[in-house]
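1. Show me the folded form of this:
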Amino acid sequence: MSERQYAAHVGLSRGAIQKAKEAGRLVQHADGSIDAVASDARRAAMTDPAKQRGVSATAPAAKLKPVPDTALSAVGDTLRENGLVPPATGGGTTFLQAKTANEVLKAQERKLKLAKLKGELIDRDRAVGLVFRLAREERDGWVTWPARAAALMASELGVMITDHGVLEPAMMQKVLEAHVRAQLDSLAEVRIDLR
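-> Numbers count the residues shown, from 1 in each chain. Now for the predicted structure:
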């Protein structure tokens, strides 16, 4: 078929057919004529359904490729997170819903990039490292505390006096260390989760 004949065959303008030919959506014979059957199939496979003219919203979905379930669940999750109505379970995701979910995801990515540029977001690994360092410094401070405080506490309380009337701060220190280590052991069980 010539360009004019093929344009009449598919119901498009000759200019649209020329654009399709330049974009590689048409199959041509060696003499430059258009193979109508092969071109129809190629155009259907390469053209975005939302941009096709004359395709009704109620057109049978048999011509469309099936969408994997993981992609459908991701679309549903994205729509749900942003207050939009996800498709009913068991498929039924329309091209418009998938495209909406894609646009929402792109907007979220841009929002995150902007927040990172503004300094509102920090690197997760860096945050975990800083929290770990702070916790270690806190633990080290508590481990050395009984040695500093035991003698002062024993003298203030006057509770650790031997038979000879001598104050035993070492005993007080051992008791404090045991309690501090027990407390630190219980705190070590706490795990930080920065998801």
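2. Just to check, T47 is in contact with R25?
-> Yes: at 6.8 Å, T47 and R25 qualify as touching, with contact defined as C-beta atoms under 8 Å. For the C-beta atoms, the positions are set from N, CA and C on the backbone; glycine is no exception.
3. where does the protein dip in pLDDT?
-> Where the chain drops to pLDDT under 70, the residues are 48-72, 85-94, 97, 158-169, 192-195.
4. how does it divide up, domain by domain?
-> With domains defined by automatic domain parsing, the chain comprises 3-47, 69-117, 124-188.
5. buried ones in the longest helix along the chain?
-> Using DSSP state H, we find that the single longest helix of the chain is helix 124-157. Residues of helix 124-157 classed as buried: P146, A150, A151, M153, A154 (neighbour count, 16 or more other C-beta atoms under 10 Å).
6. V128 and L134: what is the separation?
-> According to C-beta to C-beta, to the nearest Å, V128 stands 11 Å off from L134.
7. Check A16 too.
-> Using C-beta to C-beta, one gets 64 Å for the distance from A16 to L134.
8. all helices for the chain, in order.
-> Remark: helices assigned in the chain by DSSP H are 3-10, 14-22, 36-46, 69-81, 95-117, 124-157, 169-188.
9. What are the buried residues along the fifth one?
-> Of the residues in helix 95-117, those buried by neighbour count under the rule 16+ other C-beta under 10 Å are Q97, A98, T100, A101, V104.
10. TSV please, covering those and showing distance to E177.
-> Converted to TSV, the buried residues of helix 95-117 look like this (distance: C-beta to C-beta, whole Å):
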residue	distance to E177
Q97	63
A98	62
T100	62
A101	58
V104	56
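11. wait, which of the helices of the chain is closest to A30?
-> The closest of the helices of the chain to A30 is helix 36-46. By C-beta to C-beta, the value is 13.4 Å.
12. How far does the closest one sit from its chain's centre?
-> 37 Å (C-alpha atoms, centre = their mean, to the nearest Å).
13. Same check on stretch 18-35?
-> Its chain's C-alpha centre and that of stretch 18-35 lie 42 Å apart, by C-alpha atoms, centre = their mean.
14. mind listing what's buried in it?
-> In terms of neighbour count (16+ other C-beta under 10 Å), stretch 18-35 has its buried residues at A20, K21, R25, L26, V27, I34.
15. same thing with stretch 174-181?
-> Buried-residue list, stretch 174-181, by 16+ other C-beta under 10 Å: L176, E177, V180.
16. Show residues contacting it.
-> Here stretch 174-181 makes contact (C-beta atoms under 8 Å, 6 or more residues apart in numbering) with W142, V143, W145, P146, A147, A149, A150, M153.
17. how about 10 Å then?
-> Contacts to stretch 174-181, defined as C-beta atoms under 10 Å, 6 or more residues apart in numbering, come from residues 139, 142-150, 153-154, 160, 168-169.
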